[in-house]
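Undergrad: What follows is a predicted protein model with its sequence.
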Amino acid sequence: MSPISLTQFLIEEKRAGHVDPDLRLLIEVVARACKRISIAIGKGALGGVLGEAGTGNVQGEAQKKLDVLSNEILLEANAWGGHLAACASEEMEEPQPIPDAYPKGNFLLLFDPLDGSSNIDVNVSVGTIFSVLRCPDGVAVPTAEHFLQPGTAQVAAGYCVYGPSTLLVLTVGHGTHVFTLDREVGSFVLTRRDVRIPEETSEFAVNASNQRHWEAPMQRYVADLLAGKDGPRGRDFNMRWVASMVADVHRIITRGGIFTYPLDAKCKAKGGRLRLMYEANPMALIVEQAGGAASTGRERLLEVRPTALHQRVPVFLGSKQEVDTAVRYHREADTGT
Ligand SMILES: O=P(O)(O)OC[C@H]1O[C@](O)(COP(=O)(O)O)[C@@H](O)[C@@H]1O
Ligand SMILES: [Mg+2]
Ligand SMILES: [Mg+2]
């Protein structure tokens, strides 16, 4: 069968009633922006895009030049698009409404323009994560409160991973699909349709350097993984940690596994490390649509009621049985059973 492009795939999805015409065009605009980011990243030091920007963001983090550049590329591309009412980003304190001079649409776009920032200067895979919501009816100038919708309200979610090849992973609520950027042609081509994550896994991803700060159930859960076949799990587990969520999640989309950034004493006051609206929620929808599961350790991630645009949450996602197991450890600790 001849490969189909992202455009052809989205036309098929539109015909199937899975996406409306405006959402189809919005996804194409985001994909084109990711292609531009991929080109900028590919230039590396030659393009002067490595290193610090010298500015900070609402998270209190030092911004990398590529954090700022990727944010600008996404804002500019979407300002023109005509499918949005407003954008929100990890790199901006408040949402950015589409300027009056530009055509507007009915969607709200959230993004983490550059995920895995700590890996930019060491040439390790990084990415872009995005989530699409509907703008509530009758709202001309959306503010942060209009974005505070649970993950179940997402109409589309995706990430682009900038690695040896550039991949776009997308769901519009009917399965999860992988597209590869054909750099010669300059377009994304469908390379895996309807991905399924294996239910069981022997691979886990966590920043183990935080271990002493973890809660008791997390300590016990990882101790049993490390005990391997000599412990209660009865088999050996392997560990991976890229420290780019997009790369760690893409490995799970490809061959299974569990990714976790749990609550720990260091990030407890903030509610977690990873951001709900433009990291956890889009990844949770992508993973669930591929047959996996996503939880905070105590509730289904997609059902978390958002209270703030940049709020953080604990994250457990990936192979269903393993996420269920991690949740069971937390439930047992919380209920004393
Ligand atoms: O540095 P740590 O503690 O390993 O955390 C790594 C995590 O932080 C992140 O880099 C946070 O995302 P940003 O790079 O977009 O801020 C995730 O991609 C990754 O999973
Ligand atoms: Mg991120
Ligand atoms: Mg980021």
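TA: That came in fine, so what should we check first? Ligands and ions are numbered 1, 2, ... in the order given.
Undergrad: Report the secondary structure state of the residue lying closest to Leu6 once chain neighbours are set aside.
TA: Among residues not flanking Leu6 along the chain, Phe188 sits closest, at 4.1 Å (C-beta to C-beta, 6 or more residues apart in numbering). Any C-beta I mention is one placed from the backbone N, CA and C, and that applies to glycine too. What DSSP: H, G, I helix; E, B strand; the rest coil gives for Phe188 is strand.
Undergrad: and if you look at Thr191?
TA: Classification of Thr191 by three-state DSSP places it in strand.
Undergrad: Just give the number of residues close to it.
TA: 14 (other C-beta atoms under 10 Å).
Undergrad: How confident was the prediction at it?
TA: For Thr191, the model assigns a pLDDT of 97.
Undergrad: is it true that the residue nearest to Leu6 touches Phe179?
TA: Yes: at 3.9 Å, Phe188 and Phe179 qualify as touching, with contact defined as C-beta atoms under 8 Å.
Undergrad: Overlap in contacts, those two.
TA: Common contacts of Phe188 and Phe179 (C-beta atoms under 8 Å, 6 or more residues apart in numbering): Leu6, Ala31, Leu168.
Undergrad: Next up, the contacts around the last one.
TA: If a contact means C-beta under 8 Å, 6+ apart, then Leu168 has Leu6, Ala31, Cys34, Gly158, Tyr159, Cys160, Val178, Phe179, Leu181, Phe188 as its contacts.
Undergrad: how about the fifth one, what does it touch?
TA: When contacts are counted by C-beta under 8 Å, 6+ apart, Tyr159 touches 115, 127-130, 168-169, 246, 249-250, 282-283, 286.
Undergrad: could you dump those to TSV with secondary structure and pLDDT?
TA: Compiled in TSV, the contacts of Tyr159 are given as follows (DSSP: H, G, I helix; E, B strand; the rest coil; pLDDT from 0 to 100):
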residue	secondary structure	pLDDT
Asp115	strand	98
Gly127	strand	98
Thr128	strand	98
Ile129	strand	98
Phe130	strand	98
Leu168	strand	98
Val169	strand	98
Val246	helix	98
Val249	helix	98
His250	helix	98
Pro282	helix	98
Met283	helix	98
Ile286	helix	98
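Undergrad: of all those, which comes closest to ligand 2?
TA: Of all the contacts of Tyr159, ligand 2 sits closest to Asp115, with 3.5 Å by C-beta to the ion.
Undergrad: ok, that closest one to Asp248 distance?
TA: 10 Å (C-beta to C-beta, to the nearest Å).
Undergrad: so where does Ala77 fall, helix or strand?
TA: For Ala77, the host element (DSSP states H and E) is helix 65-81.
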